[in-house]
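In: starting from these lines, generate the structure:
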Amino acid sequence: MNQVRGFRASYDKFVELNTEIIEISADPTPVQKAWVASMKEDGSDEDGQVPFPVASDFWPHGEVIKAFDVFNEATGKAKRSVFIIDGEGIIRWSNVYTDSIPASGELLHEIENL
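Out: Take a look at the predicted model:
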């Protein structure tokens, strides 16, 4: 059986901490829909699901990721990064990942420490 990974695996914990997850990339919507569909469990015939919004920053290309200064001009994509933003819109924590992907445990720890 395929193990649920990433933010999906810890989604209930994020909800308990009154946290919303929004995944944003510079990929066009059809690419994102295909990615979400690929998140299905082994043995399932149903398309995959993620319990949080997946947003496209494709047009105008990279407007949001440029505003957060994580646009990679060479690739036209976002640098893998995470921002924890409070209810007033203030960035309380951020990290740009170069060799890894964000881990749920790390983010939950940072949220709990705010």
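In: partners of Phe71 in the sheet?
Out: Beta bridges link Phe71 to Ala78, judged by DSSP bridges.
In: doesn't Ile65 make contact with it?
Out: Yes: between Phe71 and Ile65 there is a contact at 4.7 Å, judged by C-beta atoms under 8 Å. The way it works is simple: take the backbone N, C-alpha and C, and place the C-beta from them, glycine included.
In: hey, what's in contact with both of those two?
Out: 26, 78-79 (C-beta atoms under 8 Å, 6 or more residues apart in numbering).
In: as TSV, the residues you listed with pLDDT and neighbour count would be great.
Out: As requested, these are arranged in TSV below (pLDDT from 0 to 100; neighbours: other C-beta atoms under 10 Å):
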residue	pLDDT	neighbour count
Ala26	93	21
Ala78	93	20
Lys79	94	14
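In: give me the distance from the helix or strand of the chain with the lowest mean pLDDT to the chain's centre.
Out: Here the helix or strand of the chain ranked lowest by mean pLDDT, DSSP states H and E is helix 6-9, holding a mean of 84. Distance of helix 6-9 from its chain centroid, counting by C-alpha atoms, centre = their mean, to the nearest Å, is 10 Å.
In: and that helix, C-alpha only, in PDB?
Out: C-alpha atoms of helix 6-9 as PDB (Å, rounded to 0.1, in the frame of the first residue of the first chain):
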ATOM      1  CA  GLY A   6       4.100  15.200   2.500                       C
ATOM      2  CA  PHE A   7       1.600  17.700   3.800                       C
ATOM      3  CA  ARG A   8      -1.300  15.300   3.100                       C
ATOM      4  CA  ALA A   9       0.100  13.000   5.700                       C
END
